[in-house]
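Undergrad: Here's a sequence, model it:
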Amino acid sequence: MARAAAATKKMSDDHKSALAQGRNESLAVRRYLEALTANKPRRGRRRTESSIDARLAEVELLLDEADALTRLSLLQERKDLELERSQLTETIDLTEVEAGFVAVAASYSERKGIEYGTWREMGVDAAVLKAAGVKRTRRA
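TA: The predicted structure is shown next:
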């Protein structure tokens, strides 16, 4: 039995632009939320560059005498400490991603049904939501 060729439907220009708008909004929201997460303060005492350097020196001393499994762990710790030290001097500027978020947050919220309180739970500042035009309302 021969299979009938499926009729291909053409997407309208409105549909294409709606899909593009959704992709752009999602990208702006994702970038902002990821930047917020990356900059979120962590619990406990913050490490300083000197404390990281001191631990790196300890790790180097321990590597000489370590058995294979301990050496493996110490090598990973050294990599983690070096990464942490490099990130101490790194400053992340949220203004660009925040501006992108502010531009799309209201329409994204409406389209996806995201409430004000949910944004706040994610760590979005109230002033940012106000600038974006996201209102403090609940769905019925």
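
Undergrad: Centre-most residue in this protein?
TA: In the chain, the centroid-proximal residue (C-alpha atoms, centre = their mean) is residue 34; its distance is 1.1 Å.

Undergrad: The helix or strand harbouring that one: how far from the chain's middle?
TA: In the assignment (DSSP states H and E), residue 34 maps to helix 13-39. Offset of helix 13-39 from its chain centre (C-alpha atoms, centre = their mean, to the nearest Å): 13 Å.

Undergrad: Just read off the phi/psi values of the closest residue to residue 75 other than its chain neighbours.
TA: Distances taken as C-beta to C-beta, 6 or more residues apart in numbering put residue 63 closest to residue 75, at 7.4 Å, once the chain neighbours are dropped. Placement of C-beta: from N, CA and C, glycine included. Dihedral pair for residue 63: phi -60, psi -30, per degrees, to the nearest 10.

Undergrad: Share the number of residues neighbouring residue 63, please.
TA: Applying other C-beta atoms under 10 Å, we find 14 residues neighbouring residue 63.

Undergrad: ok, now which ones touch it?
TA: By C-beta atoms under 8 Å, 6 or more residues apart in numbering, residue 63 lies in contact with 71, 74-75, 78.

Undergrad: And residue 94, by the same measure?
TA: Counting by C-beta under 8 Å, 6+ apart, residue 94 touches 32, 35-36, 39.

Undergrad: Quick one, grab the pLDDT at it.
TA: Listed pLDDT for residue 94 reads 84.

Undergrad: What does it show for phi and psi?
TA: The phi/psi pair for residue 94 (degrees, to the nearest 10) reads phi -90, psi -10.
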